[in-house]
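**Q** no sequence for this one, just the structure:
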């Protein structure tokens, strides 16, 4: 990969030390109980990480949000219109097990603390996976998470409705316990900021229309790490789930609950090599440089570098 600070690179690269110095005014206290709620299984999260990584990120995003408001006002004046302000949409992409869900939840929390206390909603694209029944009918159950396993039309319709100012939009819900889309829906109604998190939100497009999911984003973030580290995190998470969530008879993966650690590690490694790694290499990683900002993690899940698209 080319040097992100080279003349020809669209990115500038900042070390963690340089990045944390950029937060000029954002400072809040977050309770330990809230931090534990925000973190995912096997993912460490500290107040230091929030202060040094997410506070500067919230500061930067607030600059973009405020300029978006100015642009909206000036555009209304130009067209002699009175269109209402639409939500600022942030897309978060990255591999399975890289920690993008934690990033999304922390960002939701931190952005809600901005001046004016904006309403920040979070939607994961898991809800737009086709139900298992459809995946089985199409013979792509083992391709779950690949582009063809998503109801791309439904996802694009949802985002189009958001950017059209629609209210009370129903969004499908996914259960990791059942490993399937649930019948119930959640309602998204008039957020100031919407975070859309999913493994390939920078890649999924409609072949019929040529419209990309990312066309609806005002800002996009890619959570990155070395493949070796992501694989280890996935295997560790699988083992932790085997000892906890998989023990529930209602779990789709309950059949793995009786495995010993060696069997569990082999199963997780096989799933990674046969499904998650190909999806990462073929579909997710190639979209990294489409992001506006890349959070690069070290082997302990903490961000060590930030790459920002030059303006």
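**A** Received the coordinates, thanks. What you see is a predicted model; the values in this text were computed from it and never measured.

**Q** Phi, psi for residue 70 please.
**A** phi -60, psi -40 (degrees, to the nearest 10).

**Q** just for the stretch 151-300 of the chain, where's the confidence low?
**A** Applying pLDDT under 70 to the stretch 151-300 of the chain flags residues 204-209.

**Q** same thing but 90
**A** Low-confidence segments of the stretch 151-300 of the chain (pLDDT under 90): 200, 203-212.

**Q** Spell out the residue ranges of the helices in the stretch 201-311 of the chain.
**A** 227-243, 261-271, 277-279 (DSSP state H, counting those that start in this stretch).

**Q** and stretch 19-32, how far from the chain's centre?
**A** In terms of C-alpha atoms, centre = their mean, to the nearest Å, the centre of stretch 19-32 is found 21 Å from the chain centre.

**Q** quick one: the closest residue in space to residue 45 that isn't next to it in sequence from residue 85, how far?
**A** Spatially, and ignoring its direct neighbours in sequence, residue 45 is nearest to residue 39 (3.8 Å; C-beta to C-beta, 6 or more residues apart in numbering). All C-beta atoms are positioned from the backbone trio N, CA, C, and that covers glycine. Between residue 39 and residue 85 the distance is 32 Å, computed by C-beta to C-beta, to the nearest Å.

**Q** of these two, who's got more company?
**A** residue 39 (19 against 12; other C-beta atoms under 10 Å).

**Q** Wait, the more buried one touches residue 49, no?
**A** No - using C-beta atoms under 8 Å, residue 39 is not in contact with residue 49, being 9.6 Å away.

**Q** shared neighbours, the two?
**A** When C-beta atoms under 8 Å, 6 or more residues apart in numbering defines a contact, no residue borders residue 39 and residue 49 alike.

**Q** sorry, back to before: in terms of pLDDT, where does the residue nearest to residue 45 sit?
**A** Per-residue confidence (pLDDT) for residue 39: 89.

**Q** Next one: it from residue 47, what distance?
**A** Separation of residue 39 from residue 47 (C-beta to C-beta): 12 Å.

**Q** And for residue 12?
**A** Residue 12 is 27 Å from residue 47, by C-beta to C-beta.

**Q** do the same with residue 84
**A** From residue 84 across to residue 47, the span is 37 Å (C-beta to C-beta).

**Q** Alright, calling it a day.
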